[in-house]
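Peer 1: sequence and predicted structure, then a few things I'm wondering about:
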Amino acid sequence: MTPRERRNAILHKLEHSGAPVSASSLAQTFGVSRQVIVGDIALLRAEQAAVTATPRGYILERTAPAGLLRTVACCHTGAEALRQELYTVTDNGCAVLDVIVSHRVYGQLSGKLHIFSRYDADVFLKAVQESNAAPLSVLTGGVHLHTLLCPDEAAFKRVTAQLQKLGILYCGHTEEPQKADIP
């Protein structure tokens, strides 16, 4: 199999997978190293393939997700607050698509999360713990944004109300009214 054939086969596998596919799994399937797969993904992205890396593996972005996209600002530190944040969103029927921080030097940094359930949250939290990785929000003192996918406005309002109750919803240090939805 040529490298081009392998990349086409990777795309085909991602198109027909109902779940994220890890680089290790792809490496085993195609009899190459994980690093070769990482390189293949980079080349596919350079060719404008909509391959996204998530904490559980690679996915192929098909179309815009169904539902309402909303952005929420949060601030917290620690693993327990992170768990509460993710569970609050997913328990109310929404999904956490990404995390975004504004870095002084690098500007906006983001990471794809694609957390749709407690199971996804637990997989992500376990990966953070086992890899001894720090969430992006440590770069900004805990302040970060999430793009949420919500089935309706009521679900978004439930999420923001509960995040506010938990002290996770970021409201800044002004006397202005609290704004959960950032344009």
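Peer 2: Thanks, I have it. Small disclaimer: the values here were computed from a predicted structure and weren't measured.
Peer 1: beta partners for the nearest residue to residue 15 once chain neighbours are set aside?
Peer 2: Using Cβ to Cβ, 6 or more residues apart in numbering and skipping the chain neighbours, the partner closest in space to residue 15 is residue 60 (5.6 Å). To be clear about C-beta, it is placed using only N, CA and C from the backbone, and glycine gets the same treatment. Following DSSP bridges, residue 60 is listed with bridge partners residue 51.
Peer 1: what's the burial count for residue 60?
Peer 2: 19 (other Cβ atoms under 10 Å).
Peer 1: then the least confident helix or strand in the chain by mean pLDDT to CSV, C-alphas only?
Peer 2: Least confident element among the helices and strands of the chain, by mean pLDDT, DSSP states H and E: strand 51-54 (a mean of 87). Extracted as CSV, the C-alpha positions of strand 51-54 are listed here (Å, rounded to 0.1, in the frame of the first residue of the first chain):
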residue,chain,number,x,y,z
VAL,A,51,-9.9,15.7,10.3
THR,A,52,-10.1,16.8,13.9
ALA,A,53,-8.1,15.3,16.9
THR,A,54,-10.2,14.8,20.0
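Peer 1: that one - contacts with which helices or strands?
Peer 2: In terms of contacts (3 or more Cβ pairs under 8 Å, 6 or more residues apart in numbering; DSSP states H and E), strand 51-54 is packed against helix 34-46, strand 57-60, strand 107-115.
Peer 1: list the buried ones in the first one?
Peer 2: Okay, so that is helix 34-46. Neighbour-count burial for helix 34-46, counted by 16 or more other Cβ atoms under 10 Å, picks out 36, 37, 40, 41, 44.
Peer 1: ok, back up a step: residue contacts, the residue nearest to residue 15?
Peer 2: Residue 60 makes contact with 11, 14, 15, 49, 50, 51, 52, according to Cβ atoms under 8 Å, 6 or more residues apart in numbering.
Peer 1: which residue, other than its chain neighbours, is closest to residue 56?
Peer 2: Per Cβ to Cβ, 6+ apart, closest to residue 56 is residue 20, 4.1 Å.
Peer 1: how far is stretch 48-65 from where the chain is centred?
Peer 2: Relative to the centre of its chain, stretch 48-65 is centred 10 Å away, using Cα atoms, centre = their mean, to the nearest Å.
Peer 1: roughly how far is the helix or strand containing residue 145 from the heart of the chain?
Peer 2: Per DSSP states H and E: residue 145 is located in strand 143-150. From the chain centre to the centre of strand 143-150 is a distance of 9 Å (Cα atoms, centre = their mean).
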